[in-house]
Structures are given as C-alpha cells and as structure tokens.
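Participant: sequence below, structure please.
(chains A, B and C)
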Amino acid sequence: MHMADALLSPAVGGTMWAVTAGLIGYCSKKVKDEIDDQKIPLMGVLGAFIFAAQMINFTIPVTGSSGHLGGGMILSILLGPHIAFLTMASVLTVQALFFADGGLLALGCNIFNLGFFPCFIAYPLIYKKIVRQNATWQKAEKNILIGSLIAAILALQMGAFAVVLETVFSGVSELPFTTFLMLMLPIHLAIGIVEGITTAAVVLFIWKARPEILNAASSSAPIGNFSIRNVLVGVVAVTLITGGALSWFASSNPDGLEWAMFKTAAVEELEAPEGVHTSLSEIQEKTAFLPDYGFKVDESDKELNKESGKEESQSWPAVDSGTSVSGIIGGLLTLMAAVGIGFIFKRKKTNG
Amino acid sequence: MANLQSNLLDMFYMDTIASGETRLHNLDPRAKVMTTLIFVAAVVSFDKYEIAMLIPFFIYPAVMVAWAELPVVYLFKKMVVLMPFAFFIGMFNPVIDTDIILRVDFTDIVTRFIEVMRLVEINTVQDGIWLVEISGGWISFFSIMVRFFLTVGAALILISITGFDSVCVALQKFGVPKPFIVQLMFLYRYMFVLIDEASRMVRARSLRTFDSGSHMSFNLFIPMIGQLLLRTLDRAQRIHLAMCCRGFEGHINMVRKMNFGIHETLFVAVWSFIFIMFRLYNIPVQVGMLVTELFL
Amino acid sequence: MSHHIVQAENLHYTYPDGTVGLNEINFKIHHGESVALVGSNGAGKSTLLLHLIGSLISTKGNIRIGDYPLNRKNLKSVRRSVGMVFQDPDDQLFMPTVFDDVAFGPINLGLPESEVEQRVMQALETVGVSHLVKRSPHKLSGGEKRAVAIATVIATMPDILIMDEPSSNLDPASRRRLINLLKTFTHTKIIATHDLDMAIELCERTIILSNGKIAADGQTKELFQDERLLNMSGLEKPLTMQGCIVCSKQNFIC
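Facilitator: Here you go, the predicted structure:
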C-alpha cells in the first residue's frame, strides 16, 4: 500500500526522503560508473513496461479477486539491484505526480517501502540464494517458484511493516501499532503470494522462450560485487542521524513538527467555551501540547488516561491485545530479523 | 481493456493540459517546483488536530486553477478516485480517539440571530441547547482529508502547469543525479508506447475469449505479459542501436534554455510569504473573532 | 580516394543458432548512387543493413565504408558517415522533445551550442516539420514521426543514408512527401523496401536478395521487367508496371 502525505509527519517524511535520496544517489553513481550503456535505454523501457503492466488486472484463481504485477522482483532479476531500484523509483515518481498517488512527501516513503525491500533485501538475500544457475529444468523450475514466493512475500511484509511504522511514528492516524499491523500483514501476505507466483510464472515464460536473457542478466549483476552490508549500514546510519536530528528539532519546537513517544500527563478537560471563535482558539492552544500517540499497546494508555482524569479511550473492540496476538506477531518479527541477521553474518563469513 | 485505454487517454490529456500557453505555464519550472515544495512542507507541518489554519491554503490551488485555466472537475475526480488509503486509515480516528476536544456552543449566535430576526422574544435560554460536541478523532479525520486534498492537489497542479519533462529538468538543476533524471525521461517517453502496445494485446486476447469476467484470467495474463516483456527487451536493443548510430557513448546531453527572471522570483517570493503567513497566523480565528465581535 | 564507397566483399553471416543469414554477398555502391534493396521477408535485407551499421559482425568477409574496413575499432568513426533511419520511428525518437532528438547527434559530435541549434532547424526545415520543434514525440502522427526520424539522421550530415522500410505505415500523402523529399537528397542512399513503386521512382539501381544471396544486381527498370526473376525472389512487378487496370483489358496479375 502506498503511504499518503495526509498521514505523514514532516519528521518521518523527511527522514525517509533523506534515506531514499541517499539510495538514489548511491544507485545513480553505480549506474554512472559501472554499467554498460546498453542498460540505459533498457532501464527506461522496462520502467515503462512495469508501469503499463501494473495497469492490467487479472483474476486471481480460487479467490476471484483481482491482482496486478508489482514488478520489484522482476526488475531486480532482469536488471540487478541498483538499476532495479532506480527504475522502481522512477515508476513511483510518475505515479505520484500523475495519479494523485499519495503525494510528494510520501514519495520518499513509497520508494523506500516498495523499492528497497525487493531490490536490496529480497532479491539478493533470498531469490539469488535459492535460484542458482542450474542445468536441470525441473530443479530450476521449482527453485524459481520457491525463490520468487519467499522473496516476494518477505519483501511485501517488510514493506507493509514499514508503512505501519511510518504511520505510527507520524502520529496523525490514531490506529494503534498492533491493530494496524494486524490489518496490513495478512493483506500483504496475500499480495505477496500473488506477486511471487506471478513473478515466477513470468520468469519461467522468459526462460522457456529466451533463456539467454536470464543468463545474461544474472551474470552481469554478480552477487560477489554486491555488498549488502554496506547498503544496510548506510541506511541505518542515515535513518538514525536524520531521525534523531529532526526529532530533537521537533521537541524543542512543539508548535512546528510533531514527535512524541508517550502521551503527556498534562491533559485537562476543556472548559465550557463562550462561542465558536473562542473554542477554535482554545483548540489551537490545546493542540500545541496535545500528545500524539502511544507506542505501547492500549493497556498502558488506559493507565495514563486514568491518572490524568481523562475519559477512558475506547479500545479497539475486536483486538485482544493479550499475549496470543502479540506473541504471534512478535514471533514473526523476530524470525524475520533472525533470518536477516543470519544472512548478513553468513555473507560476512564467506567474504572474510 | 478499458483500464489501459482510459489510463492512456488520461495521461495524454494530462500531457495536453501541461502544454497550455498561459503565463503560468510559461514560467520557469524551477519556480513552480520550489513553490509546490514549500506549500507541501507548510501543510504537512501542522498538528494533526488542525483544520482552521489549513483552510486558507486552499487559495493556492484555487488561484493556480484559475490562472492556468485548468479543468477543475477533472482534477478533483482524479483525487477522489485515489482517496482510499488515506480515507481508510483516517477513518479509524473517530472510532479510536473519542475524547471530546471541541465543544461548540452556538447558543449565543442562535439567540442573537433569532432576536435580530425578531422571530420570538427569548427570555431564558436553555443552557447547552445549541451545544455541539466533536471528538478529537473526527477533527483529526477531517484534518487528514483536508491535508490530502491540499497536498495531492498541489502535486497534480504542478504537473498540470509544468509538464513532466520540465519538472525533470528543474529537478536536475536542483541536484537530482543525472542518471535518475534520464531514467525518468525515458520512462515518460516510452510509457505511452508501452501502454498502447499493452492495450492492443489485451484487446486482441479479450476478443478471443468468451467468458464474461471483467478481468483477464491468470493463464491468459502470463503469456501476454511475457510476450510484452520480450518485445520490450527487443525494443530496448533497437533503441540502443539507434542511439549508438547517432554517437551515443554513455552520456545524454541536452541543450536547454532556461530563464529564471523577475517573474519567477516574484512568484516564489510572494507565494512563500503567503504560505509562511498562513502557517504562523491563524487567519480564520482572527476573522471569526472580528465577525463575532462585530455582531455579538 | 575511395570516395564514400559502400562495399561488401564476400560477406557471410551465420546466426548463433546455425541458420545462414547472408551468403557470399558482394557489391560495390558508389558515391551518390541510389540503391534499392528488395526481397521477400526473411531474405536478409535487415541483416545486411545491420551489418552496414556495424551492429552485426560478419562471420566471413568484410565491409568497407569509404576508406575504412568496418571493424570494432573504427566503428564510431564509420558511424559518423553513415546515417540509418529505422523501421519503427519510435525506436529512433527517444528524447523528450523533437528538438532534443534532432540535436542528439550534433551534440554527440561535439558541436558548439549555436551550431547545434542551426543544424537542428536546418534539418527540420529540410523535412518540412519546423513547426514541430517543441513537440513531444509521443504526440506526433506516423508521418510526422517518420519525418522527424529522418531529420535526426540528416542533422549529423552523413554521407551515406540507409533506410529500412521508410514508406511503411504512411498514408498516401505522407508517402508522396517522403518520396519527393528523398529525391532532393544527394547522399548515397541504400533503401530496403517492399514498396517497389517507390524503388522505381527513387533508385536507379536495385539489389534483389533471396535466401541470403544476391539474386540480381542491376538497373531497377530492367530487373523489374524480369518476371521470372521477380517471382523466384518472392516478388512481383511494381503496380506502376502492371498496366492500367481501368483501361487495360488484361487482368493485372499476370
């Protein structure tokens, strides 16, 4: 799903833009220095291809609902991570400008959510590991399907997770973290499965028709040259620095940017106002210090509210923020993190 | 398929709008990009419960639409179509955030109105009879919607008065890396070609299938998209060949005359000033106070 | 001095999968000649053209353009004197505006900005589409695209002009404009085409390709009268030579 300006705070939007800008700069440099010039028209035309392909809806078998191709994985397979990232970024930019798709501030988030995870994580760490150059057709077929599925599912889960984080940290939407996550993850699991199968099907089609394309593509973007650790370290560094700087700025200027980790206790009920205009200006005053959101689950919110004498906020009825749900989600996240860290260390070992 | 065709026509139309010849269209793109970015920054920087101070910002899209003679209804429809995500997420706010933060007591105004109109003699006014209570959630929800229309509107307007290629050139002058700019330009150039190709393929296939589904079946989609991909790859090779025949050696250079003159400076300066004023001063409140003081 | 000669010496080309594309191709085209390259689909016309611009390297034999034998090292300098107009103008117009496209070649030649502008306007005027200079290519009609594509090529002032099916997909008026335009060009012209009527109008010489070999190489008017030769090569007489179907009593397909 695409982030929207309306749900973003400047701090989060700005941070994500800093990261995305850095990535675009990094990939552009790679393009300038390393690739052969044949890739330049190829990038452009493949971007147009993905753009057009995304407009074609097909019926998902069994469910009957409609789906469409995302493209991040296919681009990575055909172009390699850096070029694929730039291509996805360009597609999203055009969509943001022409199709009222989220907005300009959110573009930074969207490029990151939909470009970084498939190109720099799912493709090199998962797809490439599973799909090695294989002589036998049957084995390769299976590997391509499994590789695409796992890669796509994980890429989309991570992207969805990022959207949740960005929304929650922005504090504009009231959706609590767990609820939002529980909404996004299952949906994106389904989308990921569709994306994985579609990607695999297209790759297999290409391989049957013109195998030399895939051979050329994979050999020109060897994983040996690719240091994902550097990219990850860079991303984390930029995020921490910008995020930290912006939030420091925000906390000293409460009227401008918003950034709050917990609700403040100084909340009082509005006095009976004396007319429209007074109410409005009182809102002004009050909102300058109003808390934004709570990262913790509803239980702790209730505690704080009781202390300050505020009415108890309604908790989301359907969610039992008890152990079971949190446990499952926590487990998934830990697993993803573990897998990710595992890959990084494994690469470190083989390189060192 | 209707989807592709309509998208293609849509993009052609946007392109046509952008090639208008109003004075606004002819301004240097850098001025327009800068102003849009400042606008978006100002709008997004407001607190989540802010609605009043956002209202004046609508002056910008209103003026732009008028100056550039843009088709309002068309642009508005575009925004409404894509409202879903912000709407869907924002929708939860009223449900979750139910603390009343706004109590509007219309009693005074209504009483005065009735008196002025001499409808009825009012001796006692029941306290709280015209009291409206609005929760924070609704306020933030409306704020989200207002923000949506402002920010997305600004982006659409930018493209409508500047044209994609000019935006790219402006971005390049602002420091966006050349390879990315080239990529954007190529994408734009060929997306029309590819959407057209895709729509022809889709139409050919849909004419040969006889089921009544509105969407293509997956089994039909894959070979089709595969074919399109192969043709795209071939096209890329031909384009590269054409480029090499005209001396391409890895760098794309363009000659562009741009002029950031007095009109542009004024444009950016005046609008920035206005946005900053709107951001710092609560104009609706001032106006409201003025009006209510006059009459109450 | 070999003044802009295009010469093929014992040219052979075999595709990677083993099929023979070109077989023993020998010809010599002199400066200023106008040569039509005709043959049925798959006869090898496009393959031969790709060799002439250095996109394919022959498996045997060689090609000489002007003073240079064509090889990887001098490819760039050879390409300066050869301009190719592709079959699909969309492949050739890849820049944001018509101006950018026509300026692409001159800029790559290293010409100063003022001269680039001059070349662009001159080229556009020659093909008759100066008014399109600020347009985006995707908004042009087929005939306009074709004209601009030609402009992009002549802007670099090549000595040799190679064209792949230039009159395909053109409406009659555009086609007539194209033919009239090409008549004014003094470049050496090699035109691959199915449009035999255009070939007769424009090219005094014709090379007929059949199954990768040269079936005939001679005066256009003579070759096109040889019905047996034409039929063997998968062709038939151009319509202008088939007799008037209105006043003639003969069936126009003999």
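
Participant: nearest spatial neighbour of whatever residue of the stretch 51-200 of chain C ends up closest to chain B, chain-adjacent residues omitted?
Facilitator: Distances between the stretch 51-200 of chain C and chain B by C-beta to the nearest C-beta are smallest at residue C:108, namely 3.1 Å. All C-beta spots, glycine's among them, are computed from the backbone N, C-alpha and C. Here the nearest residue to residue C:108 in space, its sequence neighbours aside, is residue B:247; by C-beta to C-beta, 6 or more residues apart in numbering or on different chains that works out to 3.1 Å.

Participant: ditto for residue C:70
Facilitator: Using C-beta to C-beta, 6+ apart, the nearest residue to residue C:70 is residue C:63, at 4.4 Å.

Participant: which strand or helix spans that neighbour?
Facilitator: Under DSSP states H and E, the secondary-structure element containing residue C:63 is strand C:60-65.

Participant: helix/strand/coil for residue C:84?
Facilitator: Of the three states, residue C:84 takes strand according to DSSP: H, G, I helix; E, B strand; the rest coil.

Participant: quick check: residue B:240 vs residue A:87, distance?
Facilitator: Counting by C-beta to C-beta, to the nearest Å, the gap between residue B:240 and residue A:87 amounts to 16 Å.

Participant: among those two, which residue is more densely surrounded?
Facilitator: Neighbour count, other C-beta atoms under 10 Å in any protein chain shown: between residue B:240 and residue A:87, residue A:87 has more, with 33 against 22.

Participant: on that earlier part again, surely the residue of the stretch 51-200 of chain C closest to chain B touches residue B:243?
Facilitator: No - the criterion here is C-beta atoms under 8 Å, and residue C:108 misses it with residue B:243 at 9.0 Å.

Participant: who's more crowded, those two?
Facilitator: Between residue C:108 and residue B:243, counted using other C-beta under 10 Å, residue B:243 has the larger neighbour count: 24 against 20.

Participant: pLDDT wise, what is the more buried one at?
Facilitator: Looking at residue B:243, its pLDDT is 93.

Participant: next: the one 10 residues further on.
Facilitator: Residue B:253 carries a pLDDT score of 84 in this model.

Participant: next one: residue C:11
Facilitator: For residue C:11, the predicted pLDDT is 90.

Participant: hmm, back to that, so the residue nearest to residue C:108 makes contact with residue C:78?
Facilitator: No - counting by C-beta under 8 Å, residue B:247 stays clear of residue C:78, with 11.7 Å between them.

Participant: picking that back up, alpha carbons of whatever helix or strand the residue of the stretch 51-200 of chain C closest to chain B lives in, as CSV, please.
Facilitator: Residue C:108 belongs to helix C:98-109 when assigned by DSSP H and E. Below are the C-alpha coordinates for helix C:98-109, written out as CSV (Å, rounded to 0.1, in the frame of the first residue of the first chain):
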residue,chain,number,x,y,z
VAL,C,98,11.7,16.9,-31.2
PHE,C,99,14.4,19.4,-30.7
ASP,C,100,16.3,17.2,-28.3
ASP,C,101,16.1,14.3,-30.6
VAL,C,102,17.4,16.1,-33.7
ALA,C,103,20.1,17.8,-31.5
PHE,C,104,21.2,14.4,-30.1
GLY,C,105,23.5,13.6,-33.0
PRO,C,106,25.1,17.1,-33.3
ILE,C,107,25.7,17.3,-29.6
ASN,C,108,27.4,14.0,-29.6
LEU,C,109,29.6,15.2,-32.4
